[in-house]
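*Asks:* okay, here's the prediction I keep looking at, along with the sequence it came from:
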Amino acid sequence: MVWPLPGSATDGPVRIVALGDSLTAGFNLPQDAAFPAVLERALRDRGHAVEILNAGVSGDTSTAGLARVDWSVPEGTRAVILELGANDMLRGVDPARTEEALDAIVARLRERDIAVLVAGMRAAPNLGTEYQTRFDAIFPTIAQKHGLVFYPFFLDGVAGDPSLNLADGMHPTAEGVKRIVERMLPTVERFLASLKTNG
């Protein structure tokens with residue numbers, strides 16, 4: 001099954017770029033077990049003609065993502081799944097800086113008529129209530145400001161579960177990635193439907 005791309009001379013798969021850090025890149029996992037590959041297979045199994053490119057770079061902060069967004073998201077991309085911010089939190093970066101960088105990424109992509117799905121992150125409790133409150137608010141704020149599809153917590157159902165994380169306790173195993181995709185799939189399908197609606 002192939003989705004028609006409005007205004008396109010030929011039909012083809014919808015190109016989506018997963019722009020993120022090690023959680024997207026698939027830290028210590030084979031590439032076919034990384035989030036973009038697993039999500040692509042799940043969507044194709046459900047009849048969606050998609051191509052998901054892995055633009056995850058381990059260690060990237062939101063500022064690093066902004067610095068590379070133009071060349072990490074090639075021409076012909078219809079949509080981006082934006083998963084950044086975890087490394088900002090781990091380094092204690094001021095949430096205002098993180099929000100500024102993520103907002104700039106979204107603005108840059110929207111200028112190119114590329115749709116964005118924001119995948120949220122949550123701060124670790126040990127960083128304190130004030131930091132946690134400010135950090136956690138970044139993602140819904142940006143999604144609401146730009147009218148974007150929003151998935152509240154990328155690691156939902158995986159964070160804190162030793163059986164679904166590598167020994168470092170921070171990166172998902174292959175089974176953990178499958179859980180992420182399973183939880184996120186309805187939101188991604190809604191995102192794809194919005195691409196068809198908005199052309």
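*Replies:* Right, received. Where do you want to start? Residues are numbered from 1 along each chain as shown.
*Asks:* drop to CA atoms for contacts and neighbour counts, all remaining ones
*Replies:* Fine.
*Asks:* may I ask which helix or strand of this protein has the lowest mean pLDDT?
*Replies:* Lowest by mean pLDDT, DSSP states H and E among the helices and strands of the chain is helix 174-198, with a mean of 94.
*Asks:* any chance you could list what contacts it?
*Replies:* 5-6, 29, 33-35, 38-39, 42-43, 78, 115, 117, 149-151, 154-158, 164-165 (Cα atoms under 8 Å, 6 or more residues apart in numbering).
*Asks:* which intervals of the protein have sub-threshold pLDDT?
*Replies:* 1-11, 197-199 (pLDDT under 70).
*Asks:* can you give me the strands in it?
*Replies:* Applying DSSP state E to the chain gives strands spanning 14-20, 50-56, 79-83, 115-119, 149-151.
*Asks:* got the angle between the third one and helix 174-198?
*Replies:* Between strand 79-83 and helix 174-198, the angle formed by their directions is 140 degrees, by axes from the mean of the first three to the mean of the last three Cα atoms, to 10 degrees.
*Asks:* CA atoms only: put strand 79-83 into PDB for me.
*Replies:* The C-alpha trace of strand 79-83 is given here as PDB (Å, rounded to 0.1, in the frame of the first residue of the first chain):
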ATOM      1  CA  ALA A  79       7.900  14.800   8.900                       C
ATOM      2  CA  VAL A  80      10.200  14.600  11.900                       C
ATOM      3  CA  ILE A  81       9.900  12.800  15.200                       C
ATOM      4  CA  LEU A  82      11.800  15.000  17.600                       C
ATOM      5  CA  GLU A  83      13.300  13.200  20.600                       C
END
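*Asks:* measure the nearest residue to Gly92 once chain neighbours are set aside to Leu29 for me?
*Replies:* Distance criterion Cα to Cα, 6 or more residues apart in numbering; nearest residue to Gly92, sequence neighbours excluded, is Leu127 at 7.9 Å. Leu127 sits 28 Å away from Leu29, going by Cα to Cα, to the nearest Å.
*Asks:* between those two, tell me which one has more neighbours.
*Replies:* Shown here are Leu127 and Leu29; by other Cα atoms under 10 Å, Leu29 has more neighbours (16 against 12).
*Asks:* thinking again about what came up before, any of the contacts of helix 174-198 buried? List them.
*Replies:* Buried residues within the contacts of helix 174-198, counting neighbours by 16 or more other Cα atoms under 10 Å: 5, 29, 33-35, 38-39, 42-43, 78, 115, 117, 149-151, 154-156, 158, 164-165.
*Asks:* tell me how many other residues crowd Lys178.
*Replies:* 20.
*Asks:* what do you get for Val118?
*Replies:* Val118 has 24 nearby residues by other Cα under 10 Å.
*Asks:* thought Thr98 was touching Gly65?
*Replies:* No. Contact criterion Cα atoms under 8 Å: Thr98 and Gly65 do not qualify, at 10.6 Å.
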